[in-house]
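*Asks:* below are the sequence and a predicted model for it; my questions follow.
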Number of protein chains: 2
Amino acid sequence: MGLFQISQVRLRLVDETKIMKDILPRQVRRLIEELAKLPGIGPKSASRLVFYLLSRPKTRSDELGEAILNLKNNLKKCQRCFNIAEKEFCPICEDLNRNSNLIMIVESALDVIALEKSREYRGVYHILGGVIKPIEGIGPDELQIRELLERVRENRELEEVILATNPNLEGEATAMYLAKKISDLAKKSGRKILVTRIARGLPVGADLEYADEVTLSRALEGRREFIHTPDS
Amino acid sequence: MGLFQISQVRLRLVDETKIMKDILPRQVRRLIEELAKLPGIGPKSASRLVFYLLSRPKTRSDELGEAILNLKNNLKKCQRCFNIAEKEFCPICEDLNRNSNLIMIVESALDVIALEKSREYRGVYHILGGVIKPIEGIGPDELQIRELLERVRENRELEEVILATNPNLEGEATAMYLAKKISDLAKKSGRKILVTRIARGLPVGADLEYADEVTLSRALEGRREFIHTPDS
């Protein structure tokens, strides 16, 4: 019975591809396939996007196509922090108003945007380009870790390194690996570099009732004295 | 207070755009803006898609860009049913195995794909290109209704017209409008054309408990005799 069902499902899938092939022009099918390769876009939303583009004037879809073709033109990586940049260095590394003795280590350039939007941080960044994932064959050498340690070694004024990898298994492991490397380096050269980790706890607006245990125990671990404003 | 909050939000938005402008290269910003114009893609998923494309080889994003630019090349509308086509007529209208005396009226070419996947229907289609929406200035003349009535008039063998516009306010109103037009036309020429509407009821796999009242009342209205297979 189970086998029968599986072959039914397979038949159905083969059939669907055949139906699409029978009724859709080649270039329409091709774009559906290309869009469906993108993360978070399944074949259904891909079809919907394609038919939306078909319903718009050609200039409109051409603008999107050109924007995609132009995306990587003249695009560089910042020589210091590996953020995307148009010149040798990114605008953040070039900004003299920022504290270059405070480095925040993040996984990707997307994290930089999110952090910049919070408008809290005035230091600089270092983008790893991912996290250590032994299962996928991503070790320290596949990330911009050598360059980070070089930066730490060279900047004798460096005060603090903030580890801001994601608070999941791989992110924590990578943070731990980096903390050890940086501390070792500081000890060897007789320097004092503060290594911190972003706080893990309840997200603002969250419900204690629905929080998972790990988050709750981190929120407790990381508790701080509550300074209340005195009546005045 | 209310006004204060609004100006706070506005400040924040202006600020976000400025931050994106300060830290993101022009072409990256442009693609985020273009993608965010697509239905169902907000600025956040647009950024995520762009950074995904940035992380892939250039050939990969070029393929997507080319597919979008090529989308409308040599693409036509079927002269009979207005489905997308590579030639004068679409594959469905050209298929001699299909019953051209049975026309299903749908809003868009996407509906044709959905219906073809069900593999139940062996007639032909007519795509309206939308529904009547007086508020948006879409009247019968903005849709392929004149062409539909012409088709009905010319095909003396026509047996049935299935109204398969969406079961919402505008879809129902458009179906009603078309039913009247087609019946009038049949009466005038002394012909008998069956005009049917797709069934509205509980979707398969649905829960009666969670269905809305209108769907439930339609499901009751449309009930049919339950033919059970006799024990044998």
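*Replies:* Structure's in. What do you need?
*Asks:* list the buried residues for stretch A:162-176?
*Replies:* A:162, A:163, A:164, A:165, A:166, A:167, A:170, A:171, A:172, A:174, A:175 (16 or more other CB atoms under 10 Å in any protein chain shown). All C-beta spots, glycine's among them, are computed from the backbone N, C-alpha and C.
*Asks:* and the last one, helix, strand or coil?
*Replies:* Classification of residue A:175 by DSSP: H, G, I helix; E, B strand; the rest coil places it in helix.
*Asks:* would you mind naming the residues that bridge with the residue lying closest to it once chain neighbours are set aside?
*Replies:* Of all residues beyond its chain neighbours, the one nearest residue A:175 is residue A:163 (4.1 Å), with distances taken as CB to CB, 6 or more residues apart in numbering or on different chains. In this structure, residue A:163 bridges to residue A:105, residue A:197 when assessed by DSSP bridges.
*Asks:* doesn't residue A:195 make contact with residue A:163?
*Replies:* Yes - assessed by CB atoms under 8 Å, residue A:163 is found in contact with residue A:195 at 6.8 Å.
*Asks:* shared neighbours of those two, which are they?
*Replies:* Applying CB atoms under 8 Å, 6 or more residues apart in numbering or on different chains, one finds that residue A:163 and residue A:195 are jointly contacted by A:178, A:179.
*Asks:* would you mind splitting chain A into its domains for me?
*Replies:* Structurally, chain A divides into domains by automatic domain parsing as follows: A:3-73, A:90-225.
*Asks:* what about the shortest one, distance to the chain center?
*Replies:* Its chain's average C-alpha position is 26 Å from that of domain A:3-73, according to CA atoms, centre = their mean, to the nearest Å.
*Asks:* same check, this time on stretch A:155-167
*Replies:* Between the mean C-alpha location of stretch A:155-167 and the chain-wide mean there is a distance of 17 Å, by CA atoms, centre = their mean.
*Asks:* how many neighbours does residue A:100 have?
*Replies:* By other CB atoms under 10 Å in any protein chain shown, the residues close to residue A:100 number 16.
*Asks:* ok, residue A:118 next?
*Replies:* For residue A:118, the tally of surrounding residues (other CB under 10 Å) stands at 8.
*Asks:* repeat that for residue A:145.
*Replies:* 20.
*Asks:* surely it touches residue A:128?
*Replies:* Yes - with contacts counted by CB under 8 Å, residue A:145 reaches residue A:128, the gap being 6.7 Å.
*Asks:* can you pull the contacts of residue A:116?
*Replies:* For residue A:116, the contacting residues are A:92, B:19, B:22, B:23, taking CB under 8 Å, 6+ apart as the criterion.
*Asks:* again, 7 Å this time
*Replies:* B:19, B:23 (CB atoms under 7 Å, 6 or more residues apart in numbering or on different chains).
*Asks:* ok, now residue A:101?
*Replies:* Residue A:101 sits next to A:155, A:157, A:158, A:159 when contact means CB under 7 Å, 6+ apart.
*Asks:* could you point out the helix or strand that follows the one helix or strand it maps to?
*Replies:* In this assignment (DSSP states H and E), residue A:101 forms part of strand A:99-106. Reading on from strand A:99-106 to the C-terminus, the next helix or strand found by DSSP H and E is helix A:109-117.
*Asks:* please, where are all the strands along chain A?
*Replies:* For chain A, the strands defined by DSSP state E cover A:76-77, A:84-85, A:99-106, A:123-127, A:160-163, A:194-197.
*Asks:* other residues contacting the last one?
*Replies:* Contacts made with strand A:194-197 from outside it, assessed by CB under 7 Å, 6+ apart, are listed as A:159, A:160, A:161, A:162, A:163, A:175, A:179, A:182, A:183.
*Asks:* now the first one
*Replies:* Contacting residues not belonging to strand A:76-77 are listed as A:84, A:85, A:86, A:87 [CB under 7 Å, 6+ apart].
*Asks:* just curious, which of the residues you listed is nearest to chain B?
*Replies:* The shortest approach to chain B among the contacts of strand A:76-77 belongs to residue A:86, at 4.6 Å (CB to the nearest CB).
*Asks:* quick check: the closest one touching residue A:74?
*Replies:* Yes - Residue A:86 is within contact range of residue A:74, at 6.3 Å (criterion: CB atoms under 7 Å).
*Asks:* perfect, I'm done here.
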